[in-house]
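# Sequence plus the predicted model coming up.
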Amino acid sequence: MSEEQPKRRWWVLFAPLIVFALLLVFLLKGLGSDPTKLESVLIDKSVPEFNAVDLFNNDKVYSQEVLKGGPMLMNVWATWCPTCRAEHAFLNELAAQGIPIVGLNYKDDSRAKAIDWLNTLGDPYTVNLFDPEGDVAFEFGVYGAPETYFIDAEGKIRYRHVGDVNARNWQNKLKGIYTQLQQEAQQ
């Protein structure tokens, strides 16, 4: 019995230290990660199947087919999202340049409020999908708004951007991704 006592005492003394060290490693790893780089398992896969009503017309229903036919963006937005408001003017600029953007209105409880938002701030979207419960967004793996998906001509998700689309990140990275999708569509 006297030999087992020291073994137990050693484990009891060092267990909290080991747990603390593991927790510290886990937390430090999180500090070095970029929250805007949320990987998607859907990259290079077809957009998921869905049915969503049009924001303006409850009788009009869209499927994933609306995201085929040419390179485009799908922007997830909401009226309750301050960052969505910040990016909205730039999305209007992109739309004015001829870049097709499908809007996915995410978890807004009021269709009227979303329509008022677009009537007031401008409507950059070629199609407006209404997703009050977040079911369509769930299929895409949306974490929150805003998120923007770059979709190729065949309806495959090629890139996912978390956060606002603005002039700086468009010029530095996102424009190049969109240009590549346009070139691939012409081949």
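Yes, it's here. Residues are numbered from 1 along each chain as shown.

# what's across from the residue nearest to the spatial centre of the chain in the sheet?
In the chain, the centroid-proximal residue (Cα atoms, centre = their mean) is residue 147; its distance is 3.1 Å. For residue 147, the beta-bridge partners under DSSP bridges are residue 76, residue 162.

# didn't it look like it was pressed against residue 76?
Yes: contact status for residue 147 versus residue 76: in contact at 4.5 Å, counting by Cβ atoms under 8 Å. No exception for glycine: its C-beta is placed from N, CA and C like everyone else's.

# which residues in this protein form helices?
4-31, 82-96, 111-121, 135-140, 167-169, 175-186 (DSSP state H).

# Need phi/psi at the residue lying closest to residue 134 once chain neighbours are set aside.
Once flanking residues are discounted, residue 134 sits nearest to residue 107: 4.7 Å by Cβ to Cβ, 6 or more residues apart in numbering. The phi and psi values for residue 107, taken as degrees, to the nearest 10, are phi 50, psi 30.

# Compare the mean pLDDT across the helices of the chain and name the weakest.
The minimum mean pLDDT among these belongs to helix 4-31 (a mean of 61).

# Okay, domains of this protein per the record?
Under the assignment automatic domain parsing, the domains of the chain span 1-33, 45-186.

# tell me the most buried of those domains?
domain 45-186 (a mean of 17; mean count of other Cβ atoms under 10 Å).

# Show the end-to-end separation of that domain, please.
20 Å (Cα to Cα, to the nearest Å).

# Likewise for stretch 134-149?
The first-to-last residue distance of stretch 134-149 comes to 16 Å (Cα to Cα).
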